[in-house]
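Enquirer: Generate coordinates for the sequence data below:
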Amino acid sequence: MAEAVLIYGKSGTGKSTSLENFAEDEIYLINVIGKRLPFRKQFKYKTVCDDVEKIKRYMAKVPEYIKVIVIDDAGYLMTNQFMAGHSGDKSGGNTFDLFNKIADNFWGLINAIKALPEDKIVYLTMHEDTNDFGERRLRTIGKLLNEKVCIEGMCSIVLRSEVMGNKYSFVTQNEGNDISKSPKGMFSEIRIPNDLKAVDTAIREYWGLTPSPAPKTEEKESK
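Expert: Numbering: from 1, shown residues only. Below you'll find the predicted structure:
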């Protein structure tokens with residue numbers, strides 16, 4: 001069973017930037033809204049897609065040697081579906097059906113991830129919401145995912161991105177007002193650098209998963 005890892009936080013807190021230390025041929029990137037990455041590196045294996053059913057098929061066909069899949073801006077899978085359907089016919093239960101479909105699709109995506117081979121890790125980056133009590137949660141569409149499904153409850157690792165001054169970090173444990181979590185001892189600190197390659201290495205070492213391939217280096221000519 002593969003692992004789904006949630007990375008959530010406000011816009012501009014380093015979620016996409018955290019991909020920079022992966023090698024160009026190391027990950028399969030699913031870019032939901034086609035947004036340009038905040039660094040010059042370009043990944044070899046990538047697609048732009050906001051259709052959950054297509055994403056499921058893409059993930060199932062990712063080559064065995066690629067151990068990391070990233071769904072960047074995964075929250076827009078819900079937003080785009082809502083924006084495409086909310087202006088339609090509102091008679092009967094159509095509006096209710098729309099929210100049900102959005103929830104079903106995202107719930108189905110997490111389950112499809114879990115059906116992938118054990119040594120795959122799929123990272124989903126999402127934005128956060130803050131309620132009236134100052135609690136930080138995932139930004140979703142409708143109450144069904146929050147109240148009935150609880151997306152973060154389906155995942156063992158949930159990291160929150162934050163920036164303080166010019167220091168970008170991932171929060172690895174709940175501090176009382178968020179949903180951050182990780183297994184005991186997986187990370188040495190509550191706040192770690194926002195380096196998803198280092199996070200991936202720590203997860204694989206902790207659970208004994210197949211290491212993700214190391215970045216290729218050019219061989220120097222012998223003298």
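
Enquirer: what does stretch 159-171 contact?
Expert: For stretch 159-171, contacts defined as C-beta atoms under 8 Å, 6 or more residues apart in numbering pick out 5-10, 12-15, 17-18, 128, 136, 172, 178-180, 182, 190-194, 199. No exception for glycine: its C-beta is placed from N, CA and C like everyone else's.

Enquirer: Sort out for me which of those are in helices.
Expert: Within the contacts of stretch 159-171, residues falling in helices by DSSP state H are Val199.

Enquirer: Name the SS class of Lys54, please.
Expert: Using DSSP: H, G, I helix; E, B strand; the rest coil, the three-state assignment for Lys54 comes out as helix.

Enquirer: Roughly how far does it sit from Asn31?
Expert: Distance of Lys54 to Asn31, computed by C-beta to C-beta, to the nearest Å: 13 Å.

Enquirer: Please identify which of these two sits among more neighbours.
Expert: Taking neighbours as other C-beta atoms under 10 Å, Lys54 and Asn31 compare with Asn31 leading, 20 against 12.

Enquirer: State the phi and psi torsions of the closest residue in space to the more buried one that isn't next to it in sequence.
Expert: Excluding its sequence neighbours, the residue lying closest to Asn31 (C-beta to C-beta, 6 or more residues apart in numbering) is Val48, at 4.9 Å. The phi/psi pair for Val48 (degrees, to the nearest 10) reads phi -110, psi 120.

Enquirer: Quick one: residues contacting Val48.
Expert: Counting by C-beta under 8 Å, 6+ apart, Val48 makes contact with 30-34.

Enquirer: which residues of this protein fall in strands?
Expert: For the chain, the strands defined by DSSP state E occupy 3-9, 27-31, 45-48, 68-72, 121-130, 136-138, 157-164, 167-171, 191-193.

Enquirer: I'd like the ones you listed as JSON lines, with distance to Gly108 appended.
Expert: Below are those laid out as JSON lines (distance: least, C-beta to C-beta, whole Å):
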{"stretch": "strand 3-9", "distance to Gly108": "12"}
{"stretch": "strand 27-31", "distance to Gly108": "15"}
{"stretch": "strand 45-48", "distance to Gly108": "19"}
{"stretch": "strand 68-72", "distance to Gly108": "14"}
{"stretch": "strand 121-130", "distance to Gly108": "14"}
{"stretch": "strand 136-138", "distance to Gly108": "17"}
{"stretch": "strand 157-164", "distance to Gly108": "19"}
{"stretch": "strand 167-171", "distance to Gly108": "27"}
{"stretch": "strand 191-193", "distance to Gly108": "31"}
